[in-house]
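[1] Pasting the sequence and the predicted coordinates here, then a few questions.
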Amino acid sequence: MNHQNVDHVENISDVTNTIFLGLGSNLDDPINQIEQAIDSLSAFVQSIRRAPLYRSKPLGPQDQPDFVNTVIQGQTGLAPNDLLDRTQQIETSQGRIKTMHWGPRTIDIDILYFENLRFMSPTLTIPHQEILNRSFVVIPLLDLLPNQMTPTGDRIERNRYDASTLVRIDT
């Protein structure tokens, strides 16, 4: 799909869109939380490819457990806002309660990329605005993008990111 306004596609379910989602957790068995979220996502995301899991220090307040993060790539027929609704339903069903910005959470699912779409609404911005500022997103993303080119055509240089802050988890 080439910069098509997906809100005006007649049959969005007939369109297969490549998406990248970032997942993170630091509460209630984070690895299991991510596994459970990926299982739930498979109801509307097909052909899921997943990056390895990485452990990292929290971005916000440091008086919380370390996070476990990964990125998945898949295909969906959902429109961006419908995808957001579904990911938020998964977060809620897994007990996510938003108590503070950058606080602890059972699961966080961010839409990183939706094809090469640039999209902004009051509740959703694609690509995610902070992707390139977060090693815990970029490093697993690059595991899925060996040519280091994002869906929007940006080149990500792996050596610009401090991977020493991440610990790869082999499951």
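    Happy to help now that I have it.
[2] what distance separates the helix-or-strand element of the chain with minimal mean pLDDT from the centre of its chain?
    With mean pLDDT, DSSP states H and E as the measure, the helix or strand of the chain carrying the lowest mean pLDDT is strand 119-120 (a mean of 88). For strand 119-120, the distance between its averaged C-alpha position and the chain's averaged C-alpha position is 16 Å (C-alpha atoms, centre = their mean, to the nearest Å).
[3] And stretch 137-154, by the same measure?
    Centroid separation for stretch 137-154 versus its chain: 12 Å, with C-alpha atoms, centre = their mean.
[4] Sort out which residues of it are buried, please.
    Under the neighbour-count criterion of 16 or more other C-beta atoms under 10 Å, stretch 137-154 has 137, 138, 139, 140, 141, 142, 143, 145, 150, 151 buried. For glycine as for every other residue, the C-beta is placed from the backbone atoms N, C-alpha and C.
[5] quick check, distance from the longest helix seen in the chain to the centre of its chain.
    Using DSSP state H to define each element, the chain has its longest helix at helix 80-93. Mean-position distance between helix 80-93 and its chain equals 12 Å (C-alpha atoms, centre = their mean).
[6] Ok, stretch 129-146 next?
    Its chain's average C-alpha position is 10 Å from that of stretch 129-146, according to C-alpha atoms, centre = their mean.
[7] Name the residues that touch it?
    With contact meaning C-beta atoms under 8 Å, 6 or more residues apart in numbering, stretch 129-146 is reached by 20, 22, 24, 49-52, 54, 56, 59, 67, 69-73, 110, 112, 128, 148, 150, 154, 156, 158, 161-163, 165-166.
[8] got it, and stretch 159-168?
    Judged by C-beta under 8 Å, 6+ apart, the contacts made with stretch 159-168 from elsewhere in the structure are 52, 53, 54, 55, 56, 57, 135, 136, 138, 139.
[9] before we move on, back to that, who does the longest helix of the chain touch, helix- and strand-wise?
    helix 30-41, strand 108-114 (3 or more C-beta pairs under 8 Å, 6 or more residues apart in numbering; DSSP states H and E).
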